[in-house]
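**Q** 3D model of this:
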Amino acid sequence: MKGLENFSSMVASMASHAGVSAFAQSEKVRSLFRKRAERAAYEYIIEENEDRRPITVQKEKLRIMLNLTETAFKRVEEGLYSKSVIRHGIDIFVNEMLFSPKGKTKKAVDAFVAKYGRRPPGFLVIGPTKKCNLHCKGCYASAHSRTAETIPFSTLDRIITEKTELWGSHYTTWVGGEPTVYRSEGKDILDIAEKHQDNMFLMYTNGVLINKAMAKRMSELGNVVPQVSVEGFEKETDARRGKGVFKRILKAFENMREEGVPFGIAITPMRHNAELLSSDEFIDFYFEQQKVTLAWVFQYMPIGRGYSLDLMITPEQRLRLLDREREILWEKKLFYVDFWNSGPIGSGCIAAGRSDGYFYIDWNGAVMPCPYYQFSPVNIFDVYKNGGTLNDVYDQPFFEAIREWQDEYAYRREGDETGNWLRPCPIRDHHKIALEKIKKYGARPEDEATEKWLYDEELHKGLIEFDEEIEKLLDPYWEKIYLRGEKVDPDPRLPFTSSKVPELELQFNE
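**A** Predicted structure coming up:
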């Protein structure tokens with residue numbers, strides 16, 4: 001398609017130093033880049049739609065991409081992204097991750113497809129250390145400061161290298177514990193980002209250690225995007241994370257703004273705060289005042305330290321939150337993505353190494369479907385000791401069984417045969433099926449807390465009842481809005497689809 005070809009050529013020419021400078025300084029260059037990007041996205045997602053997804057699903061995918069683009073361009077105009085950040089955003093995020101792969105990336109993807117018959121995982125979620133400088137209530141990772149559980153730097157380096165070379169993957173997510181306290185072999189977590197400049201790193205963090213020096217280094221690296229966890233405002237955040245934490249977070253935000261580091265927030269809706277975390281007051285404070293670029297929403301999952309069904313949002317709250325999140329998507333035009341309610345945007349569950357999805361590797365090397373599905377059939381240290389690679393992880397029957405369920409439920413189905421991606425998650429939304437697979441394949445619990453969880457019959461009973469109620473509420477919603485399209489969504493067609501884009505020559509020399 002011409003739009004994709006034109007955009008790819010533009011990206012190639014703009015990844016140079018001169019191209020980045022022009023992008024940062026010229027509104028005209030940014031405008032042309034944005035129009036080409038939007039046209040390419042429209043062609044790729046709406047017109048091509050190679051997997052024949054429901055059209056409302058595709059509209060939401062396009063809308064969330066445009067929302068992220070709009071906010072990112074606004075932050076560039078506000079002078080809040082460093083030139084290194086802009087260069088990496090163009091060269092890695094746009095060129096390598098969003099559209100058709102090229103060069104070495106294409107060769108890796110093609111080789112994987114030839115061997116397995118499907119696209120490779122797109123990224124990894126890695127918990128480099130269990131150590132944390134806080135002690136938050138209900139932590140899914142049961143993290144604390146007294147542990148030495150950490151992946152050696154040399155092993156982390158190998159993992160990142162392998163996923164890039166074997167899968168054509170240029171994106172990695174760090175989770176906790178707390179990534180900023182990671183130390184191994186005389187290195188810290190930013191040393192990995194420095195060594196792997198062909199990867200973008202999304203780092204979930206409590207933010208309290210992001211001082212001026214750390215923010216300056218992230219700005220210079222250009223490939224680290226922190227996602228800082230908040231629970232609301234000062235009262236709510238300090239109640240869960242500790243007195244004074246909120247003020248330290250605001251200082252971290254200030255440091256990142258001043259140094260040109262893009263950042264977002266990560267939030268955990270619970271029964272007592274779900275409405276607050278989606279309120280206009282909350283959205284305006286973080287997006288308009290604090291200048292975050294994106295927000296990730298992780299509904300509380302009863303697993304880890306002090307898990308409790310009483311902290312989960314109710315089925316009715318989840319439905320109300322879904323309505324509100326779609327309002328934020330379409331009317332506020334912000335990147336506010338819910339790990340569960342935004343299932344259509346990711347074409348459902350992306351765990352267990354699904355195509356363009358991920359695996360989760362913890363601080364002990366245990367490889368799991370995701371951070372909430374805390375059961376492992378294999379350890380990366382054992383794989384490497386026996387001469388294997390990440391592809392040997394991919395081959396595990398436990399993971400293959402989960403991918404088969406994803407396919408049968410929705411991923412390999414087309415049009416109105418697609419299963420309900422508003423309840424995409426095996427461990428939360430199809431709990432009985434998840435338990436059956438854990439037991440059938442003998443996947444091992446991550447730690448003592450997860451082992452206790454496995455044998456908690458009251459917990460499983462409560463989660464299965466939750467699933468039954470969610471099915472009653474969300475299946476009619478899915479069928480009406482996503483399959484039949486009865487509720488009219490704003491048409492994603494923008495002026496660029498019918499008006500001519502100026503054909504300017506953008507060739508930049510170093």
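
**Q** so the closest residue to residue 231 other than its chain neighbours: helix, strand or coil?
**A** Nearest in space to residue 231, with sequence neighbours left out and distances taken as C-beta to C-beta, 6 or more residues apart in numbering, is residue 237 at 4.5 Å. Backbone N, C-alpha and C define where each C-beta goes, glycine included. Classification of residue 237 using DSSP: H, G, I helix; E, B strand; the rest coil returns helix.

**Q** count of neighbours near residue 237?
**A** 22 (other C-beta atoms under 10 Å).

**Q** that one reaches residue 245, doesn't it?
**A** Yes - here residue 237 reaches residue 245: they are 5.9 Å apart, a contact under C-beta atoms under 8 Å.

**Q** check which helices and strands the helix ranked longest in the chain sits against.
**A** Criterion DSSP state H: the longest helix present in the chain is helix 55-77. Here helix 55-77 touches helix 27-42, going by 3 or more C-beta pairs under 8 Å, 6 or more residues apart in numbering; DSSP states H and E.

**Q** for the helix it packs on, what does the pLDDT average out to?
**A** The average pLDDT for helix 27-42 rounds to 82.

**Q** again with stretch 115-125
**A** Mean pLDDT, stretch 115-125: 97.

**Q** list the buried residues for the helix or strand where residue 158 lies?
**A** Counting by DSSP states H and E, the element that carries residue 158 is helix 153-167. Under the neighbour-count criterion of 16 or more other C-beta atoms under 10 Å, helix 153-167 has 153, 155-157, 159-160, 162-167 buried.

**Q** ok, stretch 411-420 next?
**A** Across stretch 411-420, burial judged by 16+ other C-beta under 10 Å covers 411, 418-420.

**Q** any chance of the residues you listed in TSV, with distance to residue 434, pLDDT and secondary structure too?
**A** Shown next, in TSV, are these (distance: C-beta to C-beta, whole Å; pLDDT from 0 to 100; DSSP: H, G, I helix; E, B strand; the rest coil):
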residue	distance to residue 434	pLDDT	secondary structure
411	16	93	helix
418	21	92	coil
419	16	94	coil
420	16	96	coil
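
**Q** return the member of those nearest to residue 309.
**A** Of all those, residue 420 has the smallest distance to residue 309: 22.6 Å, by C-beta to C-beta.

**Q** ok, the closest one - contacts?
**A** Applying C-beta atoms under 8 Å, 6 or more residues apart in numbering, we find residue 420 in contact with 410, 474-475, 478.

**Q** can you select the buried ones among these for me in ChimeraX?
**A** With 16+ other C-beta under 10 Å as the criterion, this ChimeraX line picks the buried residues out of the contacts of residue 420:
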select :410,474,478
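
**Q** where along the stretch 301-450 of the chain do the helices fall?
**A** For the stretch 301-450 of the chain, the helices defined by DSSP state H, counting those that start in this stretch occupy 315-327, 380-385, 390-394, 397-406, 426-429, 431-441, 448-454.

**Q** farthest-apart pair in the buried residues of stretch 411-420, please.
**A** For the buried residues of stretch 411-420, the maximum inter-member distance is 12.4 Å, found between 411 and 420 (C-beta to C-beta).

**Q** if I look at residue 395, how far off is residue 123?
**A** Relative to residue 123, residue 395 is positioned 19 Å away (C-beta to C-beta, to the nearest Å).

**Q** show me which of these two is the more surrounded one.
**A** Neighbour count, other C-beta under 10 Å: between residue 395 and residue 123, residue 123 has more, with 21 against 13.

**Q** roughly how far apart are the more buried one and residue 263?
**A** 19 Å.

**Q** do residue 351 as well
**A** Taking C-beta to C-beta, one finds residue 351 at 25 Å from residue 263.

**Q** go on, residue 182?
**A** 18 Å.

**Q** what helix or strand does residue 463 sit in?
**A** helix 457-477.

**Q** who are the contact partners of the residue nearest to residue 231?
**A** Applying C-beta under 8 Å, 6+ apart to residue 237 gives the contacts 230-231, 245-246, 249.

**Q** do the same with residue 73
**A** 30, 34.

**Q** if we can go back for a sec, tell me the most buried of the helices of the stretch 301-450 of the chain?
**A** Mean neighbour count (mean count of other C-beta atoms under 10 Å) peaks for helix 426-429 among these, with a mean of 23.

**Q** got a list of contacts for it?
**A** Around helix 426-429, the neighbours that count as contacts under C-beta under 8 Å, 6+ apart are 299, 301, 340, 349, 351, 369-370, 372-373, 402, 405, 423, 433-434, 437, 463, 466-467, 470.

**Q** same thing but at 10 Å, please
**A** Here helix 426-429 makes contact (C-beta atoms under 10 Å, 6 or more residues apart in numbering) with 299, 301-303, 312, 318, 339-340, 343, 349, 351-352, 369-370, 372-375, 402, 405-406, 409, 420, 422-423, 432-438, 463, 466-467, 470-471, 474.

**Q** any idea how far residue 278 is from residue 400?
**A** For residue 278, the distance to residue 400 equals 37 Å [C-beta to C-beta].

**Q** same check, this time on residue 336
**A** Counting by C-beta to C-beta, the gap from residue 336 to residue 400 is 33 Å.

**Q** same check, this time on residue 48
**A** Distance from residue 48 to residue 400, by C-beta to C-beta: 29 Å.

**Q** residue 264 now?
**A** 33 Å.

**Q** with residue 277 instead?
**A** On the measure of C-beta to C-beta, residue 277 and residue 400 end up 36 Å apart.
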